[in-house]
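Q: okay, sequence plus prediction incoming.
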Amino acid sequence: MHHRWKPIEDYESYTDLATAELGALAQVWREQLERLGSRDSYRRFEVRLKREWAIETGLIERLYTLDRGITQLLIERGIHAALIPHERGTNPDAIVAMIRDHEEAVEGIFDFVKGTRPLSTSYIKELHALMTRHQETVEGLDSLGRKTSVPLIRGAYKRLPNNPLRPDGTIHEYCPPEQVDSEMDRLIALHHQHDDVAPEVEAAWLHHRFSQIHPFQDGNGRIARALATLVFVKAGWFPLVVRDRERAEYIDALEVADDGDLNPLVDYFAGLQKRAFVHALNIAEEIRQERRVADTIRSVRRQLQKRRDFLVTEWEAAKSIAATLRKQAERRLDAVAQDLKREMSGVLEHGDYFTSGAEDGDEHSHYYRRQVIQTAKELDYFANPHIYRSWTRMVLRNTDLTVVLIAFHGIGREFQGVLACSASWFQRVETEDGEREVGPVTAVTDSVFLINYKEPLDEAAARFSSWLEDAIVRSLKLWQETAL
């Protein structure tokens, strides 16, 4: 037995699990959403996000297989069988029917949140019946222990154990059928007591505890992600889109939660929400541009005046935080450079280690634009060095010249209350003719660091310190692998 079932547990402490950055970022997004004006245009963004949720939640469970190109086509053009290739073993009509069930379910979650009905076990059963409406069978075992397909029971709790056998021969034990009713009642009761829990924390807790129970014969993963989505939508955030390409990270976080540590799952959910906020902020300006020209002309003066008044405070606050964090990065990189100089003395004969930087508006602040753009592409966001740019760097010079770059810049097509910071690593390698050319640029963090004017400086500085340390460690490891 790899994992034994035990009754679900409440939080020991949830305050340490929350991500301060997300709360502040959510406030910035709510203000941007109010300024969009044309809710019909924003609706198109929501529709695409819901389609992606509907498609990916089935891909994760291996209900069907689609390549990234077809998935993107369905997201952009709608769920149509004609867009799915008729390959051997593929039934486009059946796939579309299941995806549309998922799509209807996520639409229902938005409607559910708008109403006054509290979350209940009866609603969860309704959700299961809807999401499995076009799924006829589920994999099971016959009397001889052989795999076989059995009819799926929709909208009702399991009648037999559904403990999966892992590839290594161990068993993951879920809640016994006779305990499901009481465990689900307890899950809902505890959830209703969590009024002041941060959305990313409650979504992770509800998802994991529901998964521990595994109350249905099949479809539990889809329902778990639907419940997490319900928590986020209720907070005014975005549906939880777990993409198939991230399946391993998602499963790993769930398994760590099985061992009592919810942190990785909270961090994973927070990262998905952060990505959604970044994408939404990036399109905010594009959505506003979709208004009719006549309406824009009539309102342009009023809008510009109002926006200018808003921006003065937001812009100065965000710039002030960015400037402070740049100095923080410069001090830390300088300390690392001094440590390297001391430790490498006598080991590397021609080594040299130093730092430099440029503030926004400095004559050198436009340096490294190409590296910033390349790093942003790797991390999947739109960098805008035109509205803000500053940087600090650490140079490691021996046979080749290595640069660790911490760059501050705008994000999106215009300032939306948020600035960004990226960390990258690259080398200037000497060629055979004695020239130096810049090698590939590598991002040394998993995500961009976001600076928003709503977050207190001390909280931003604490987050930045941890993010920066990770960037430095990864940079030094790359240097060790390539330069030494």
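A: Perfect, I can see it now. Just so you know, these numbers come straight off a predicted model, no measurement behind them.
Q: now Tyr123: which helix or strand?
A: helix 121-131 (DSSP states H and E).
Q: actually Glu52, not the one I typed
A: Per DSSP H and E, Glu52 falls inside helix 39-60.
Q: could you do Val197 as well?
A: Val197 belongs to no helix or strand, assigned by DSSP H and E.
Q: measure Asp267 to Pro385 for me?
A: Per CB to CB, to the nearest Å, Asp267 is found 29 Å from Pro385. (Glycine included, C-beta is placed from N, CA and C.)
Q: who has more neighbours out of the two?
A: A count of neighbours by other CB atoms under 10 Å puts Pro385 above the other of Asp267 and Pro385, at 22 against 15.
Q: so how far is Glu255 from that one?
A: 41 Å.
Q: Asn282 now?
A: Applying CB to CB to Asn282 and Glu255 gives a distance of 33 Å.
Q: cool, and Pro151?
A: Counting by CB to CB, the gap from Pro151 to Glu255 is 30 Å.
Q: looking at those two, which is more packed in?
A: Taking neighbours as other CB under 10 Å, Pro151 and Glu255 compare with Glu255 leading, 15 against 10.
Q: for the helix or strand harbouring Ala280, name the packing helices and strands.
A: Ala280 is part of helix 263-288 when elements are defined by DSSP H and E. Contact analysis of helix 263-288 by 3 or more CB pairs under 8 Å, 6 or more residues apart in numbering; DSSP states H and E lists helix 20-36, helix 39-60, helix 199-213, helix 247-258, strand 401-411 as its packing neighbours.
Q: now find how far off-centre it is within its chain.
A: Its chain's average C-alpha position is 6 Å from that of helix 263-288, according to CA atoms, centre = their mean, to the nearest Å.
Q: Ser120: neighbouring residues, count only.
A: 13.
Q: for the stretch 251-400 of the chain, which segments count as helices?
A: Counting by DSSP state H, counting those that start in this stretch, the stretch 251-400 of the chain has helices at residues 263-288, 293-344, 369-379.
Q: hang on, the earlier thing: mean pLDDT lowest for which of the helices and strands packed on helix 263-288?
A: Across those, helix 20-36 has the smallest mean pLDDT, namely a mean of 80.
Q: who's in contact with it?
A: 42, 198-200, 235-237, 270, 273-274, 277, 280-281, 284, 287-288, 307, 416-418, 450, 452-455, 459-460, 463 (CB atoms under 8 Å, 6 or more residues apart in numbering).
Q: so it versus helix 263-288, what angle?
A: 20 degrees (axes from the mean of the first three to the mean of the last three CA atoms, to 10 degrees).
Q: can you give me the buried ones in helix 20-36?
A: 21-29, 32-33, 36 (16 or more other CB atoms under 10 Å).
Q: report the distance from it to the chain centre.
A: Its chain's average C-alpha position is 16 Å from that of helix 20-36, according to CA atoms, centre = their mean.
Q: Gln273: neighbouring residues, count only.
A: So Gln273, with other CB under 10 Å, has 24 neighbours.
Q: and it, how far from Ser422?
A: 20 Å.
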